[in-house]
Every structure is written in structure tokens, then in C-alpha cells.
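>>> Sequence below, structure please.
(one chain, ligands or ions: 1)
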Amino acid sequence: MTLEAPPAFSPAVHNVMIANKSTNTKPELLVRRFLRNSGFPGYRLHWRIDGEDGKYICRPDITFPGRKLAIFVHGCFWHRCPTCNLSLPKSNVDYWSQKFQKNVERDRRKEKTLVGLGWSVHTIWECEIEDGASSLLRILTI
Ligand SMILES: [Zn+2]
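Residues are numbered from 1 along each chain as shown. Model (predicted):
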């Protein structure tokens, strides 16, 4: 949602992340723990978002409904992180490339729909948890 350069490294973010690294390795759990520890416990998990016509759109990983802020925590492999650009599995290449393409298209479609409805969408990649959490914190403290 922002084209700015990633924010400067925040020692606060770093400390929270490091402190929890050994117990919670799942990226989504890390972000949730980080939000709680940073004083933003009011999020919902997998909160259902419908369009104006009442049609189901998606359930983001983390949502702040009052702020209309949807947060997706993406694993680099399944969601095809542009930074990591991980190679495809060696067998069943067609199957995997189609599957991944669908994942990426679905992500784009969801984001586009949400933004069209006035939501802010913040995506945090598994490989950039600290940067993603830093910029999330900046959004929340506005
Ligand atoms: Zn990545």
C-alpha cells in the first residue's frame, strides 16, 4: 500500500521479534505477538469481510475492523514472494506453476477488492517480518 522505502530498523520491533523467535516460529504468530506486545491487542483473526452486496470477499489473517485495516502475513513459498523468488518444485512443474499463479492472482484480487471498498491492506512477507512489523506499527500509531 505504500511506495515509500522500508522504515529504518526499529530496535523495539527487533527486540520483540528476537524475544519470541525461539517459541513462535510461525510468521503469523510472530506478528500477532508483536501487536499485543506493542499495545495493539484489538485485532481479529480471520475476520470475515463481505462486500456491499453481502458477498464474501475474504478473511485476512489479521484485521482491525474499526480501522478498516487488513493484514496478510504471507509465506514466501506459497504466495511467491517477489524478493525471495523461490524456485518451483522440480517435479510436476505445470501443476505447481498453475497452483502458484492462482495463489498470486487470488491475493491480488482480494487486495484490489478490499482497497476498492476503502480498506487499507498491509502485506507482511515471511522473509521481511521485522520490516513489515515496523511499517505496520507506523500505520497503527498514525
Ligand atoms: Zn520472501
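>>> Give me every residue in the protein lying close to the ion.
Within the chain, the positions adjacent to the ion are 76, 81, 83-84, 125, 127 by CB under 5 Å from the ion. Every residue, glycine included, has its C-beta placed from N, CA and C.
>>> So which of those residues belong to helices?
When DSSP state H is applied, the residues of the chain next to the ion are split such that none fall in helices.
>>> Just the buried residues of those residues.
Buried members of those, scored by 16 or more other CB atoms under 10 Å, are 76, 81, 125, 127.
>>> Could you report the pLDDT at the third one?
Translated: W125. The per-residue pLDDT reported for W125 equals 96.
>>> Please name the residues that touch it.
W125 makes contact with 74, 76, 79, 81, 83-84, 132, according to CB atoms under 8 Å, 6 or more residues apart in numbering.
>>> any idea how far T83 is from it?
7 Å (CB to CB, to the nearest Å).
>>> what do these two both touch?
Contacts common to W125 and T83, judged by CB under 8 Å, 6+ apart, are C76.
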